[in-house]
Structures are given as structure tokens and as C-alpha cells.
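# Turn this into a model:
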Amino acid sequence: MAKPLFKQPINMLTGNEIKCAECGGNYIKTTGKVLFEVREVPIEIDNIEHHVCAKCGEMLFRGDVVSKLQRLANEKYKKRHGIMSSSRIRALRQKHGITQETFETIIGAGAKSVARWEKGTVIHSEVTDTFFKVLERFPEAMYWLLGDQK
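Residues are numbered from 1 along each chain as shown. Purely as a prediction, here's the structure:
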């Protein structure tokens, strides 16, 4: 039986002929739906290339596919839960000519947080999402928080 739902897809496919670590079976290359868990919520992603053990159903993913799967699942989760998308965060920042580093200063985020949010590899908190929406509605608050009073 396949085990498509997982919290951290860490298996990386490195060669063409690889045996299943669970049962020793052979992997079959396929493309199809995969379930990915985001904040304990299963998210279904279509058209994902992966390998499945013909014997036990263990799944393997190339590293680049894992990254793609994570970004797609995160964006789908955000859309489903009304959380600001990565592209919307980027647009908010760029509309006002603010660098990622300056935006981090404005919102009190750690280094590279904005880059991860804009790339879609990390989902920001609900509190941060509310703050983004306030800044989107009242952009002058960004300048006030920087001490510029524009």
C-alpha cells in the first residue's frame, strides 16, 4: 500500500537503479497525485514526478521535486486558508520600492524570512499575515515604522 502522506519528504533519488530501503523492491517511475502535509493538513498536488516501490509503495522524490512539491503545497494551503500568497507579499514590498532586508526591519522578522516567504518555502504566521494585510491597506504605516513619516 502506498504511503503518499508524509510530513518531511527527505528521500532523495540519486540513481536510476535503486532498491527500496524498506523492502528491497524495485522502484517504478510515475507521475501523478501526491499528498503533502502542511501544518497537519493534507494537501493534494497533481502531476508530480516520483518513484514508487512496486512491492511496498514507498515513495521517493528527487530533491528538486521535493522543493517544487513543498512550494506548491504551501501556496495551495495559503489559498485555502486565506493567507497572503508569496507573490502578493513580493508585490506589496516591491510596490513601495522596499528591499527584503528593509521589509524585515519594518515587520521585525529575522534575516532571510522575507526571501523564504516570497519563495514559498515557508508559510508566515497568522499574526504576520494580518500585519501584511494592514500594511497593504495602510502602506504609510511602513514608512511610519521606519521613522520616515511619509
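
# helices or strands up against the helix or strand containing residue 93?
Using DSSP states H and E, residue 93 maps to helix 86-95. Secondary-structure packing of helix 86-95 (3 or more C-beta pairs under 8 Å, 6 or more residues apart in numbering; DSSP states H and E): helix 63-80, helix 113-119, helix 126-137. (Glycine included, C-beta is placed from N, CA and C.)

# deepest of those helices, which one?
Highest mean neighbour count among the helices and strands packed on helix 86-95 (mean count of other C-beta atoms under 10 Å): helix 113-119, with a mean of 19.

# Just put the helices and strands packed on helix 86-95 in CSV and tack on mean pLDDT and distance to residue 55.
Below are the helices and strands packed on helix 86-95 laid out as CSV (pLDDT from 0 to 100; distance: least, C-beta to C-beta, whole Å):
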stretch, mean pLDDT, distance to residue 55
helix 63-80, 92, 22
helix 113-119, 96, 36
helix 126-137, 96, 42
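
# roughly how far out does the helix holding residue 93 sit from the chain middle?
Taking C-alpha atoms, centre = their mean, to the nearest Å, one finds helix 86-95 lying 16 Å from the centre of the chain it belongs to.

# Average pLDDT for that helix, rounded please.
Across helix 86-95, the average pLDDT comes to 96.

# quick one, that helix and helix 63-80 angle?
Interaxial angle of helix 86-95 relative to helix 63-80 (axes from the mean of the first three to the mean of the last three C-alpha atoms, to 10 degrees): 80 degrees.

# what are the C-alpha coordinates of the following helix or strand past helix 86-95, in PDB please?
Where DSSP H and E defines the elements, the next helix or strand beyond helix 86-95 is helix 100-107. Listed in PDB are the C-alpha atoms of helix 100-107, where the atom choice follows Å, rounded to 0.1, in the frame of the first residue of the first chain:
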ATOM      1  CA  GLN A 100      13.700  42.400   1.600                       C
ATOM      2  CA  GLU A 101      16.100  43.400   4.300                       C
ATOM      3  CA  THR A 102      14.200  46.700   4.900                       C
ATOM      4  CA  PHE A 103      10.900  44.900   4.900                       C
ATOM      5  CA  GLU A 104      12.300  42.500   7.600                       C
ATOM      6  CA  THR A 105      13.300  45.500   9.700                       C
ATOM      7  CA  ILE A 106       9.800  47.000   9.300                       C
ATOM      8  CA  ILE A 107       8.000  43.900  10.400                       C
END
